[in-house]
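>>> what follows is a predicted structure for the sequence shown.
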Amino acid sequence: MEAVNIFIKSIFVDNMIFAYFLGMCSYLAVSKTVKTSAGLGVAVIFVLIITVPVNYLLNRYFLSPGAMSWISPAMANVDLDFLSFIIFIAVIASITQLVEMFVEKFSPALYSSLGIFLPLIAVNCAIMGGSLFMQERDYANIGEATAFAFGSGIGWFIAIVGIAAIREKIRYSNIPKYLQGLGITFIIAGLMGIAFMCFMGIKL
């Protein structure tokens, strides 16, 4: 039950985009068409689902203070927490590279439309934020960490597909010259963020 609560909360209450503003660069740059946004959103979900549980296991059994006591009582005082950033980034970069190779092989059109933003998933702060939030919140088991990762990915997917759909529609609107492009996109993102604030009062 707790995993379900974490999943729902990470989509609506703790949305990576609207609650923490993580991953805004690719969110604003790629969200011009629904098709491209959906492709990037799926890639982000996949990377989060893999990297957060892997980093959870590394943190639980190797990096946190006393984590390696299962190897030997003599290692109970070993603290490798200072390596967390490096290890998390290495895992994220590795998984992102695999995703990039997969998309390039099986969907060249999507790979071409995503351009530089596909490999930039490796430095997408929403991905790194997922692992750091997981570490900070100290989830009880890998199931809760996976639920958080999946919910965070779904939340990011909803946010980018939602704004992409709106941007496709407003192409036919009479937007003032100085608000065209990123100007109106920032306004829309702000309004969507305010809308998602309605979920912050939900008690799960």
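Everything's here; your move.
>>> for the chain, which spans come out with low pLDDT?
The chain contains residues with pLDDT under 70 at 203-204.
>>> show me what the longest helix along the chain is packed up against.
Longest helix in the chain, counting residues (DSSP state H): helix 142-169. If you count contacts as 3 or more Cβ pairs under 8 Å, 6 or more residues apart in numbering; DSSP states H and E, helix 142-169 packs onto helix 2-12, helix 24-30, helix 34-58, helix 125-137, helix 182-196. C-beta here means a position set from N, CA and C on the backbone, and glycine is covered the same way.
>>> how far off centre is it?
Distance, stretch centre to chain centre, for helix 142-169: 8 Å (Cα atoms, centre = their mean, to the nearest Å).
>>> same thing with stretch 78-92?
Centre-to-centre, stretch 78-92 and its host chain are 18 Å apart (Cα atoms, centre = their mean).
>>> for that stretch, measure first residue to last.
24 Å (Cα to Cα, to the nearest Å).
>>> tell me the angle the strand or helix carrying I86 makes with helix 125-137.
Taking DSSP states H and E as the criterion, I86 maps to helix 84-106. Orientation check (axes from the mean of the first three to the mean of the last three Cα atoms, to 10 degrees): helix 84-106 against helix 125-137 gives 140 degrees.
>>> by how many degrees do helix 84-106 and helix 34-58 diverge?
140 degrees.
>>> export the very next helix or strand once past helix 84-106 to CSV, keeping only CA atoms.
The helix or strand immediately downstream of helix 84-106 is helix 108-114, counting by DSSP H and E. C-alpha atoms of helix 108-114 as CSV (Å, rounded to 0.1, in the frame of the first residue of the first chain):
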residue,chain,number,x,y,z
PRO,A,108,15.8,6.3,-36.4
ALA,A,109,13.1,8.9,-37.0
LEU,A,110,12.6,9.5,-33.2
TYR,A,111,16.4,9.5,-32.7
SER,A,112,16.8,12.2,-35.3
SER,A,113,13.9,14.3,-33.9
LEU,A,114,15.2,14.1,-30.4
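>>> who does helix 108-114 touch, helix- and strand-wise?
Using 3+ Cβ pairs under 8 Å, 6+ apart, the elements in contact with helix 108-114 are helix 34-58, helix 84-106.
>>> and the contacts of that helix?
30, 33, 35-36, 39-40, 43, 100, 103-104, 118 (Cβ atoms under 8 Å, 6 or more residues apart in numbering).
>>> try it again at 10 Å.
26, 30, 32-33, 35-40, 42-43, 100-105, 107, 118, 120-121 (Cβ atoms under 10 Å, 6 or more residues apart in numbering).
>>> ok, back up a step: check which residues of the helix holding I86 are buried.
84, 87-89, 91-92, 95-96, 99-100, 103 (16 or more other Cβ atoms under 10 Å).
>>> roughly how far apart are S10 and Y178?
Using Cβ to Cβ, to the nearest Å, S10 is found at 37 Å from Y178.
>>> near the closest residue to G66 other than its chain neighbours, how many other residues are there?
Closest residue to G66 apart from its sequence neighbours, by Cβ to Cβ, 6 or more residues apart in numbering: A76 at 5.1 Å. Applying other Cβ atoms under 10 Å, we find 13 residues neighbouring A76.
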